[in-house]
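Novice: Sharing a model that was predicted from the sequence below.
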Amino acid sequence: PIALRMQYNPRCHSPVCFLTGNDGAEQPASMAEIRAYIEAENTRLERDPSKNFDPTDINVRMEYKYCPNMILIDTPGLISVSTGRRESAGANAEQRALRAAAREVEAVVLAKMRCPDYLILCVEDTNDWKHGSTREVVMRADPDLSRTVVVGTKFDTRLPQFGTAGDVEDYLRADVLHKVAPRVLGGPFFTSVPAGRVGATPAGSYDPAFDSDEHFVAGCADAEAADRAVVRRRLPPDGDAPGLLPLVGLGRLRDFLELRVDRCYRRNVARIVPLLAAERRACEARLAECEAELAALSLERLRAGAEAFSDGFCAALGEAIRGSVAAPPSLFGETLTQECAAAGSFRDVHGCPLAVGAATYDRLLGE
C-alpha cells in the first residue's frame, strides 16, 4: 500500500515531497526518487520466491498550496485465485503461496476500508453489474456502499463489447447496482486511462511512453473526449444522453470527489471548531496559571526557600548521624490490650517458669 498524506502549505508554490524510508526516518525526495523507490520495492517483491506482497505502507508526504489536508491510500490489487476444494487439494507450492498472498492482500485492504471516516473508491472491471468481485469485497467493509464510489475501468475497451445501443444504455444506467445498493455514495463512473507510462519505454514493452506528467494528463483528457463521443454515437436517439454523459470521464469523477471532499470539510467544521475553541481556552487558562506562578517567584523567595530546605536537610542529617536513646511510647509502647493480644493465652502452658511482666503475671494468676 502507498499512503500519500497531503498537507496544505501556502508557502509551497510547487509540491514538496517527503519519503519515509525503511528506517522510519522522513527525508525530502523528488517525484523521480519516490517513483524509483516504489519500483525498486516492486522489483524486490517480484524476485522474492516466498513473498510477493508486503503489508507495510510506503509513506509519502506532500506539502503544496493547492492541495487539501487529506490522506490517499492506494491499496494493492486483489488477487483472483480458484478456491474450489478440488483445486485446493491438488495445488502445488506456488499455488498455495499465491492463495496465501491473496488472503493477506484482502485482509490488508479490508482493514484499510473499515475506517468509518474513509471514502472508498471501488474500481470494478466488469461489463455486467450483476457480478463484481471487487464490489463483493468492498461490501464486507461497507455493506450498503454508503461510503463507496463505484468506478467502471477500461471503458474504452468495454464499449465495443456491447452489440446494441440498448446494451450500452443499460450498462451506463447500472439499474442492477442501484437496486442492490440504493444508498451507494456515487457512480458508477466510467473511465479510461491511456496505455503507457511517464518516462522511457521499458524494454520489451509495446506501450507508448509519455514525455512528462503534463502529456499523460493531456492523454487522459483525450481519452475522456473520445469516450464521450463514442457514447453519444452509440446511445439511441431517444436515450438519456444528457443524464448519462456526466458519468463518463476522469474529469467528471474528479469533480464529484472534489464536491464530496468539500462537503466533508464543511460538515466537520461545525464539529471541530468548538473542540478547538475549548482546547484553546483550556491552554490559555493553563498558561495564565503558569505565568502567575512565575511572576510570584522572586529572587528573595527563591533564596529563602533554598535556605530553609538546606537548614532542614542539615538538621535531619546531623540527628541521623548523632543518633538518640529516646524511645517514643507512640512508636515502641503497647497498651494492655495490645500486650494481651501479642502475648496470647497461658492457660495451657506447662513446663519451666517464664520471666514475664507484672501485668502478664497478674493475668496468669487470674487464669
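Specialist: Great, that's in hand.

Novice: And the helices in the protein?
Specialist: Under the criterion DSSP state H, the chain contains helices at 31-47, 85-89, 93-113, 133-141, 155-158, 165-173, 175-180, 213-234, 241-244, 250-296, 299-322, 329-332, 336-343, 358-366.

Novice: Where does pLDDT dip in this structure?
Specialist: Within the chain, the segments meeting pLDDT under 70 span 50-52, 80-91, 200-208, 239, 323-327, 344-358, 367.

Novice: ok, how many other residues are close to Y361?
Specialist: Applying other CB atoms under 10 Å, we find 12 residues neighbouring Y361. For every residue, glycine as well, the C-beta is placed using N, CA and C.

Novice: same thing with S146?
Specialist: 12.

Novice: follow-up on the earlier one: relative to N127, which of the helices of the chain is closest?
Specialist: helix 155-158 (5.4 Å; CB to CB).

Novice: for the closest one, packing partners?
Specialist: On a contact count with 3 or more CB pairs under 8 Å, 6 or more residues apart in numbering; DSSP states H and E, helix 155-158 meets helix 213-234.

Novice: Flag every buried residue along the helix it packs on.
Specialist: F216, G219, C220, A223, E224, D227, R228, V230, V231, R234 (16 or more other CB atoms under 10 Å).

Novice: For the helices of the chain, could you give me CSV that also reports distance to D125?
Specialist: Listed next are those as CSV, based on distance: least, CB to CB, whole Å:
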stretch, distance to D125
helix 31-47, 20
helix 85-89, 22
helix 93-113, 16
helix 133-141, 7
helix 155-158, 9
helix 165-173, 13
helix 175-180, 14
helix 213-234, 16
helix 241-244, 20
helix 250-296, 16
helix 299-322, 74
helix 329-332, 85
helix 336-343, 86
helix 358-366, 97
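
Novice: among those helices, which is nearest P194?
Specialist: Comparing the helices of the chain by CB to CB, helix 213-234 comes nearest, at 4.0 Å.

Novice: how distant is that closest one from the center of its chain?
Specialist: 34 Å (CA atoms, centre = their mean, to the nearest Å).

Novice: got it, and stretch 150-163?
Specialist: Using CA atoms, centre = their mean, the offset of stretch 150-163 from its chain centre is 33 Å.

Novice: Same check on stretch 175-189?
Specialist: The answer for stretch 175-189 is 27 Å, by CA atoms, centre = their mean.

Novice: so how far is the first residue of that stretch from its last?
Specialist: 13 Å (CA to CA, to the nearest Å).

Novice: Please name the residues that touch the residue nearest to the spatial centre of the chain.
Specialist: Geometric centre of the chain, nearest residue: K112, 6.9 Å, by CA atoms, centre = their mean. Going by CB atoms under 8 Å, 6 or more residues apart in numbering, K112 touches P1, I73, T75, Y118.

Novice: rerun at 7 Å
Specialist: By CB atoms under 7 Å, 6 or more residues apart in numbering, the residues touching K112 are P1, I73, T75.

Novice: in stretch 5-25, what counts as buried?
Specialist: R5, M6, Q7, N9, V16, C17, F18, L19, T20.

Novice: now these as CSV including distance to M139?
Specialist: Shown next, in CSV, are these (distance: CB to CB, whole Å):
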residue, distance to M139
R5, 27
M6, 28
Q7, 32
N9, 37
V16, 38
C17, 35
F18, 35
L19, 34
T20, 32
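
Novice: how about those residues, which pair is most distant?
Specialist: It's N9 and T20 that sit farthest apart of the buried residues of stretch 5-25, by CB to CB, at 18.0 Å.

Novice: that older thread, looking at the buried residues of stretch 5-25, which is nearest T335?
Specialist: Distances from T335 to the buried residues of stretch 5-25, taken by CB to CB, are shortest for T20, at 70.6 Å.

Novice: In this structure the closest one contacts T56, no?
Specialist: No - taking contacts as CB atoms under 7 Å, T20 lies outside contact range of T56: 10.3 Å.

Novice: Looking at the buried residues of stretch 5-25, which are in strands?
Specialist: Among the buried residues of stretch 5-25, DSSP state E puts R5, M6, Q7, V16, C17, F18, L19, T20 in strands.

Novice: Now do stretch 168-180: distance to the chain's middle.
Specialist: With CA atoms, centre = their mean, you get 33 Å for stretch 168-180.

Novice: gap between the two ends of that stretch?
Specialist: 20 Å.

Novice: May I see the buried residues of that stretch?
Specialist: V168, E169, Y171, L172, R173, A174, L177, V180.

Novice: what does stretch 120-129 give?
Specialist: I120, L121, C122, V123, E124, T126, W129.

Novice: For that stretch, list the C-alpha coordinates in PDB.
Specialist: Taking Å, rounded to 0.1, in the frame of the first residue of the first chain, the C-alpha atoms of stretch 120-129 are listed here in PDB:
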ATOM      1  CA  ILE A 120     -13.800   4.100  -0.800                       C
ATOM      2  CA  LEU A 121     -13.100   4.200  -4.500                       C
ATOM      3  CA  CYS A 122     -14.200   0.800  -5.800                       C
ATOM      4  CA  VAL A 123     -12.600   0.300  -9.200                       C
ATOM      5  CA  GLU A 124     -14.500  -2.500 -10.900                       C
ATOM      6  CA  ASP A 125     -13.500  -4.300 -14.100                       C
ATOM      7  CA  THR A 126     -16.800  -5.800 -15.400                       C
ATOM      8  CA  ASN A 127     -19.300  -5.400 -18.200                       C
ATOM      9  CA  ASP A 128     -22.200  -6.900 -16.100                       C
ATOM     10  CA  TRP A 129     -23.200  -5.100 -12.900                       C
END
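
Novice: Contacts for it, please.
Specialist: Contacts for stretch 120-129 (CB under 7 Å, 6+ apart): 113, 132, 134-135, 138, 142, 147-154, 158, 161, 171, 174, 176-177.
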